[in-house]
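[1] Return atomic coordinates for the entry below.
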Amino acid sequence: MMLLRALLILLALPAAAAEWDVAPGALSETLARAEAGDTLLLRPGTYRETVAVDRAVTIEGGGKAVIDGGGKGTVITVTAPDVTLSGLTVIGSGASHETLDSGIKLTKGATGAVVRGNVLKGNLHGVDVHGARDALVAGNLIEGRQDRHMNARGNGVYVWNAPGAVVERNDIRWGRDGIFVNTSKRNIFRDNRFRELRFAVHYMYANFSEVTGNLSIGNDLGYAVMFSRRVMVADNISIGDREHGVMLNYANDGIVTGNLVRGVKDRCAFLYNANKNTFSGNRFEGCEIGIHFTAGSEGNTITGNAFIGNRTQVKYVSTRWVEWSDEGRGNYWSDFAAYDVNGDGIADTPYRPNDSMDHVLWTQPSAKLLLGSPAVQLVRWSQSAFPALLPGGVVDSHALMRPVEIPVPEWEMNHD
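    Numbers count the residues shown, from 1 in each chain. Predicted coordinates:
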């Protein structure tokens with residue numbers, strides 16, 4: 001009886017996961033024989049095939065296995081949950097935007113998929129997280145195509161309707177957008193590096209998410225949040241991006257904090273119809289415009305930021321005054337000759353970044369020809385001496401005497 005019981009227990013136990021030794025040319029064949037929980041160990045070499053992963057396996061390339069899709073469709077398509085892809089070099093996707101040809105595609109069935117430590121080069125899209133909940137894309141090197149106009153390329157990582165997706169510690173270059181997220185929520189994009197792209201991170205209709213600790217260098221635009229609510233943009237770096245470091249477009253109830261934007265050719269920060277957001281502890285430095293508000297952006301809290309060496313610190317046209325301090329704490333302005341008699345770190349007089357001549361110059365650019373004229377200088381002196389003559393706009397009643405310091409971190413790619 002005891003022998004029979006032991007036999008029944010053994011039969012009821014799940015079979016031990018197997019490891020498969022896979023040679024080039026045999027990946028799809030081996031995958032068809034594998035069971036859930038198995039690991040496929042790929043030998044060094046090139047696997048010239050497209051792969052459909054329809055069971056919960058781990059495919060490990062050891063950094064020396066190349067999967068080449070031959071320029072047709074998506075190279076690896078995952079349809080099963082709990083799949084892990086690591087140590088692979090993935091090349092040769094197709095070029096169709098209609099079918100979103102990608103190096104790796106995670107479909108709706110690929111819940112909990114892990115894409116870690118891979119190299120994806122020259123594919124239309126790098127990783128397409130297409131409906132897969134709670135996916136992880138981590139520590140990959142993703143380099144997009146360079147043979148098309150930038151807007152005709154694909155994205156490094158595309159996240160669509162994939163709640164809980166985490167994209168972290170990836171190095172993404174070329175292509176269109178580094179990370180493009182559309183119609184999703186509860187996503188985390190952190191500690192990635194973005195170079196030579198249109199947007200580093202691009203949000204569309206994606207709520208309750210965060211973008212933290214990323215590095216954007218030399219892209220058209222750093223961090224763009226559009227048509228989204230409750231997005232946190234924190235502790236990111238934008239250096240030498242061309243148009244904007246941070247942009248909020250129809251983005252509401254967000255938090256933008258601890259970011260460094262330096263040397264952007266146009267605007268450090270741009271808000272277009274963006275309401276009830278909090279900007280705190282950011283450093284906007286060396287841009288054409290420090291921060292530009294337009295199209296009815298209202299109810300935003302601006303405090304603890306540093307505006308340093310921007311040609312125009314603030315561009316905001318209004319007929320009424322808007323206070324840019326909160327609970328007795330404002331922002332630091334490098335062009336404000338402030339004094340602090342009592343030593344509390346707060347300037348003793350208000351700061352007003354714009355005057356009526358700024359308003360004229362913004363609406364009539366040809367008036368710049370008159371900047372050096374005595375009439376313009378007289379108007380500006382009059383408004384500085386008699387603030388009641390100012391037309392309205394931004395006032396910081398509690399400007400700070402010292403700027404926030406935000407160091408630029410060293411970047412290290414870690415594929416572990």
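[2] from here on, contacts and neighbour counts on C-alpha atoms
    OK.
[3] tell me the domain ranges of this structure?
    19-197, 205-355+391-408 (automatic domain parsing).
[4] Switch those over to CSV; also include mean pLDDT.
    Below are the domains of the chain laid out as CSV (pLDDT from 0 to 100):
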stretch, mean pLDDT
domain 19-197, 97
domain 205-355+391-408, 93
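[5] Take these and write them to JSON lines, including mean neighbour count.
    Below are the domains of the chain laid out as JSON lines (neighbours: other Cα atoms under 10 Å):
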{"stretch": "domain 19-197", "mean neighbour count": "22"}
{"stretch": "domain 205-355+391-408", "mean neighbour count": "21"}
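[6] now the residue nearest to residue 298 when sequence neighbours are not counted: how far from residue 286?
    Leaving aside its sequence neighbours, residue 298 sits nearest to residue 275 (Cα to Cα, 6 or more residues apart in numbering; 5.0 Å). Here residue 275 is placed at a distance of 25 Å from residue 286 (Cα to Cα, to the nearest Å).
[7] I figured the residue nearest to residue 298 hits residue 251, correct?
    Yes - contact criterion Cα atoms under 8 Å: residue 275 and residue 251 qualify, at 6.8 Å.
[8] Run through the strands of the stretch 251-400 of the chain in chain order.
    Secondary structure of the stretch 251-400 of the chain, counting by DSSP state E, counting those that start in this stretch: strands at 255-257, 260-262, 267-272, 278-280, 283-285, 289-294, 301-303, 306-308, 312-315, 321-323, 332-333, 393-395.
[9] Using the three-state scheme, assign residue 167.
    strand (DSSP: H, G, I helix; E, B strand; the rest coil).
[10] related to what we said a few turns ago, now distance to residue 30 too, for the strands of the stretch 251-400 of the chain, in a markdown table please.
    Below are the strands of the stretch 251-400 of the chain laid out as a markdown table (distance: least, Cα to Cα, whole Å):
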| stretch | distance to residue 30 |
| --- | --- |
| strand 255-257 | 49 |
| strand 260-262 | 49 |
| strand 267-272 | 52 |
| strand 278-280 | 53 |
| strand 283-285 | 54 |
| strand 289-294 | 57 |
| strand 301-303 | 58 |
| strand 306-308 | 58 |
| strand 312-315 | 62 |
| strand 321-323 | 66 |
| strand 332-333 | 63 |
| strand 393-395 | 66 |
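[11] so which of those comes closest to residue 70?
    strand 260-262 (40.8 Å; Cα to Cα).
[12] and the closest one, what other elements does it pack with?
    Judged by 3 or more Cα pairs under 8 Å, 6 or more residues apart in numbering; DSSP states H and E, strand 260-262 is in contact with strand 237-239, strand 244-249, strand 283-285.
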